[in-house]
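Sequence first, then the predicted structure:
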Amino acid sequence: MERSRYLLCALVTGLTLVVIAVVVTLSGSPLIVAQTNGIRSENLLGEASGNLEACQAGETLPAGITGIRLSLDSIAGPRVSVSVRSAGHLLTSGVAESGWTSSAVTVPVRSVGRAVPHARICFRLGASVEDVGVYGAITHASVSARGGKGEVLPGRFTVEYMKPGMKAWLASWKTVARHLGLGHAPSGTWIAVLIAALMGAISIAASWLVLKELR
C-alpha cells in the first residue's frame, strides 16, 4: 500500500509539472527580429572546427533585446559566447551552449535599457569536432570583421538582434500549427493538431495503465 501511494504521488506530481511547463511555455512570447546590422548572410567568411573568435565594430545595440542571432552553420554546433562593448565598457554578454543545429544560433543576452551606437560585438566558439561556417557579406577591408589575432576577414558577419514578440505562443497557435504542417505529404494544419491529440492520448493511456496497476 505504501509503495502504491508513492507511485500515485509520483504520477500526479509528474503530470502536474508537465501541465505547468506547457502553460508557462505557451504563455511566453517567441523571439522576433528587432533590428539587423543590414548584412545579408550570402557569403562564407570563414570556417573552423571551433576555438574561433571574431569581432566587428560599427554595430548599434538596440534597447530591450534579449538575444543576438549569428549566421553560423554547423551540424552539431559548439558553445558560443557573445559580448558587446562600447568605449571599452561591457554592455551585455551571453552564452549559447553546444548542441545547436542550424544555419543560425541565438545567444541569450542581458537586456540593455537604451540603444548604444558604435558598439563592438565579438563572438567566440568553443571546441568542436564539426566545422562551423561564419556567414555574412564581402566588404572593404577597412570595415571588415577581425579574427582573434587581428587578421582581417573577407567581410562582416550577419547579426540579428532579437526581442520577445507582442503575442504569446498560445495566441499564435494557428500560425505555428500551419508552419508545422508544411513540407509533409499530406500537409496541413491538421497534422500539428493530430500530433498534439496523439500525445495527449498516449499520456492519458499511460496514466490509466499506471493507475490500473496500483489497484
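Arrived safely. Numbering: from 1, shown residues only.

what residue ranges in the chain score low on pLDDT?
1-4, 7, 22, 24-29, 166-192, 210-215 (pLDDT under 70).

all strands in it, in order from the N-terminus.
All strands of the chain, identified by DSSP state E, fall at 31-36, 43-50, 53-61, 67-70, 72-73, 80-86, 89-96, 105-108, 116-125, 127-138, 146-147, 155-157, 159-164.

which stretch among those strands comes nearest Gly14?
strand 105-108 (27.7 Å; Cβ to Cβ). (Glycine included, C-beta is placed from N, CA and C.)

Go through that closest one and flag the buried ones.
Val105, Thr106, Val107 (16 or more other Cβ atoms under 10 Å).

Closest one to Ile195 out of the residues you listed, please.
Looking across the buried residues of strand 105-108 and measuring by Cβ to Cβ, the closest to Ile195 is Thr106, at 24.6 Å.

re earlier: for the strands of the chain, which one ends up most surrounded?
Looking across the strands of the chain with neighbours counted as mean count of other Cβ atoms under 10 Å, the highest average goes to strand 155-157: a mean of 24.

which residues touch that strand?
For strand 155-157, the external contacting residues (Cβ atoms under 8 Å, 6 or more residues apart in numbering) are 37, 39, 43, 45, 54, 56, 70-71, 134-139, 143-145.

now with 7 Å?
By Cβ atoms under 7 Å, 6 or more residues apart in numbering, the list of residues contacting strand 155-157 from outside reads 39, 43, 45, 54, 56, 70-71, 134-139, 143-145.

which of these lies closest to Leu8?
Distances from Leu8 to the contacts of strand 155-157, taken by Cβ to Cβ, are shortest for Leu70, at 47.6 Å.

What distance do you get for the closest one to Val12?
43 Å (Cβ to Cβ, to the nearest Å).

Just the buried residues of stretch 97-115, please?
For stretch 97-115, using 16+ other Cβ under 10 Å, the buried residues are Trp100, Val105, Thr106, Val107, Val109, Val112.

for those, which one is nearest Ser207?
Minimum distance to Ser207 across the buried residues of stretch 97-115 is 33.3 Å, recorded for Trp100 (Cβ to Cβ).

Surely the closest one touches Gly77?
Yes - if you go by Cβ atoms under 7 Å, Trp100 and Gly77 touch, sitting 4.1 Å apart.
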